[in-house]
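Peer 1: this is a predicted model, with the sequence first.
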Amino acid sequence: MDAVLDIAPIATARSGSAVPPVRIDRVTKDYGRRRALDEVSLTVERGEIFGYLGPNGAGKTTTLRILLGFLRPTFGRAEVLGLDSWSRSRVAHRRIGYVAGDVALYDRMTGDELVRYLGHLRGGIDADYVRALADRLHVELDRPIRALSKGNRQKVAIIQALMGRPELLVLDEPTSGLDPIVQQQVHELLREHASDGGTVLLSSHVLSEVQRTADRVGMLRAGRLIAVERLDDLRQKSLHHVRVRFASPVSGDEFRIEGVRDVEVTGNTLRCASPRPALNELLRAIARHDVVDLSCEEASLEDMFLAYYGGNGGGDAA
Amino acid sequence: MLHSVGLKTLHEQRRSLLAWSIALVLLVGMYAGFYPSFKGSHAYNDIVNRMPKALRDLFTAGTGLDLNSGAGYVYVEMLSFMAPMLVLIYAVNAGATAIAGEEERHTLDLLLATPISRARVTIEKYAAMCVGVLGLVLAMGVALVAFGSAADMQLAAGHIATAMLHLALLGMVFGGLALLAGAWTGRVGAARATAALVAVAAYLVNGFAPSVSWLKPVQTLSPFYQYIGHDPIRHGLSLTSAGIAVATAAVLMKAAVVVLTRRDIQG
């Protein structure tokens, strides 16, 4: 049974100001000669769930670690909750919950001990709330962490991030490695957090993992933020893979309709990708010929992203 | 015990601290047990007197100790080598793992994501190491008083206490160096090696200085000289030596704070 949870971020009432919870302004991070982040600018608004996407090694973790004040930007400025992420990180941390990408917990402690320890460092803990979160995620906090499965450790990490009712959640691939049911439970918690006025910034290397939760997504590639889109807008651009076999050879030119991409005609077969608004026109063109076979499948958002923002190559090395 | 970084660190070390304390007490008991058979026999003095001067200095720091006295016996058998070595192994290990251990295991992220500053983490870790060292020398000091009187070594309790205090300060200096190296590099191995190398060098400088003329000017710089150069078991507290050791430890702690506060913490 799922406990009914009031997961309202405790501090929203205190700071109802219009300061965006995340404001990154032309942040560049160099490691020696290697540029890990290149003039990334991004603002995440209150109440928003932002999916930060990119292949491994694109700079997602670097960005999140800058926001937590673990790394200092080489150039540019990052603010969390209106506070400079490097110089004011201690103050900001009161209002931020964080799950690291490579989750490591104190293995010899039990989940309860870990939560109590981190709770003390945060200046207090709401034991009932922790209990409710644990019940909801079905994780036993009385077992030593080293005895837990990877998925259950991840849940403990998520509980410790949520337990202070932070205004901002920064989560580095929080659901990678979790089974789909647990992923869903976690995303449910995130949606509740956001609908209560909290803000979520979560990274992932696959769009499908965040597409049902995020309001907006940003695509990072080789240290550059190449696109930021509302998911609703992205769905409008949603592409359909169309494949038609005609009774006789056709010419490609008549299918070059505005919006239709990747038109490819070989003999009597047509392949192309069409956004929703162009489908009608495309079908009219197809209907002028004798059709033997036709398939039309909606492309994944992943494919679409790559189609619109240059899918050649999978980003730089991981 | 989970109320602060320092308390939690000590809590984690409770078993190891207990084991170290027992080992130190047993060591003292064993040496004290041998003492009555040494006393009155001149064999031991003869052995030491037949040693090359350089080697003799290493063990007696050129103080011309009477090895048949309780104080001389404790100095040579325990305080000159065995006790500082054991205390330093603990202190260097505790210092090296304080920051770097958490960083290597990636738990430092968890700690630094809380509203606790890096400076505070460093200071609490340092304090935990110091408390651990004090616990060890306390166990050893109590054992020296107890076994010493049982074996009729005629040791002054006050002098034992000051000798133990000087020993603790020695541990804090090298533990602090290990902590600084760990905060700087984030690597336990590098931190341990740095502190161990410097400790061995400092030990040799202090030990050989009486017979190697070019080492004499630098002897007083050695933390081992601050620890034992004035023979605390016979002469008690040296405020100058203790002051220098405290100042060294404080500078090392401050340096560790500065280093950790300014650098990037990689995931």
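Peer 2: In hand now; what should we look at?
Peer 1: name the SS class of the residue most central in space within chain A, please.
Peer 2: Taking C-alpha atoms, centre = their mean, the centroid of chain A lies closest to A:Gly51, which sits 2.5 Å from it. A:Gly51 falls in the strand class when you classify it by DSSP: H, G, I helix; E, B strand; the rest coil.
Peer 1: show me where chain B has strands.
Peer 2: Read by DSSP state E, chain B holds no strands at all.
Peer 1: what stretches of it score poorly on pLDDT?
Peer 2: Counting by pLDDT under 70, the ranges of chain B that qualify are B:40, B:42-45, B:58-66.
Peer 1: which bits of the stretch 51-200 of chain B sit near chain A?
Peer 2: Contacts of the stretch 51-200 of chain B with chain A, taken as C-beta under 8 Å from any C-beta of the partner chain, map to B:105-107, B:109-117. Glycine gets a C-beta too; all of them are placed from N, C-alpha and C.
Peer 1: mind picking the two most distant members of those residues?
Peer 2: The span of these, defined through C-beta to C-beta, is set by B:Arg105 and B:Pro115 at 21.6 Å.
Peer 1: surely the residue nearest to the centre of chain A and A:Ala214 touch.
Peer 2: Yes. In this structure, A:Gly51 is within contact of A:Ala214 by C-beta atoms under 8 Å, at 3.5 Å.
Peer 1: mutual contacts of the two, please.
Peer 2: With contacts taken as C-beta atoms under 8 Å, 6 or more residues apart in numbering or on different chains, the residues that reach both A:Gly51 and A:Ala214 are A:Leu202.
Peer 1: partners of the residue in the stretch 201-318 of chain A positioned nearest to chain B in the sheet?
Peer 2: Per C-beta to the nearest C-beta, the residue of the stretch 201-318 of chain A with the smallest distance to chain B is A:Ser203, at 12.1 Å. Taking DSSP bridges as the rule, A:Ser203 bridges to A:Tyr52, A:Asp172.
Peer 1: that one: how many residues sit nearby?
Peer 2: 26 (other C-beta atoms under 10 Å in any protein chain shown).
Peer 1: dump the residue contacts of it.
Peer 2: Taking C-beta under 8 Å, 6+ apart as the contact definition, A:Ser203 lies against A:51-54, A:60-61, A:63-64, A:101, A:171-173.
Peer 1: in a strand, that's where A:Asp30 is, yeah?
Peer 2: Yes. Membership of A:Asp30 in a strand is supported by three-state DSSP.
Peer 1: who's in contact with it?
Peer 2: A:Asp30 makes contact with A:36, A:74 under the criterion C-beta under 8 Å, 6+ apart.
Peer 1: and it, what's its pLDDT?
Peer 2: On the pLDDT scale, A:Asp30 is placed at 96.
Peer 1: how about whatever residue of the stretch 101-250 of chain B ends up closest to chain A, nearest residue that isn't a chain neighbour?
Peer 2: Residue of the stretch 101-250 of chain B nearest chain A, by C-beta to the nearest C-beta: B:His106 (3.5 Å). Spatial nearest neighbour of B:His106, chain neighbours left out: A:Ala104 (3.5 Å); criterion: C-beta to C-beta, 6 or more residues apart in numbering or on different chains.
Peer 1: quickly list the domain ranges of chain A.
Peer 2: For chain A, automatic domain parsing gives the domain ranges A:22-229, A:239-298.
Peer 1: now the residue of the stretch 201-318 of chain A closest to chain B: how far from A:Glu209?
Peer 2: Remark: distance between A:Ser203 and A:Glu209 (C-beta to C-beta, to the nearest Å) = 10 Å.
Peer 1: how many neighbouring residues does the residue lying closest to B:Ile22 once chain neighbours are set aside have?
Peer 2: Nearest non-adjacent residue to B:Ile22, counting by C-beta to C-beta, 6+ apart: B:Ala139, 8.0 Å away. For B:Ala139, the tally of surrounding residues (other C-beta under 10 Å) stands at 20.
Peer 1: for B:Ala209, same thing?
Peer 2: Using other C-beta under 10 Å, the number of residues around B:Ala209 comes to 23.
Peer 1: this completes my enquiry, with thanks.
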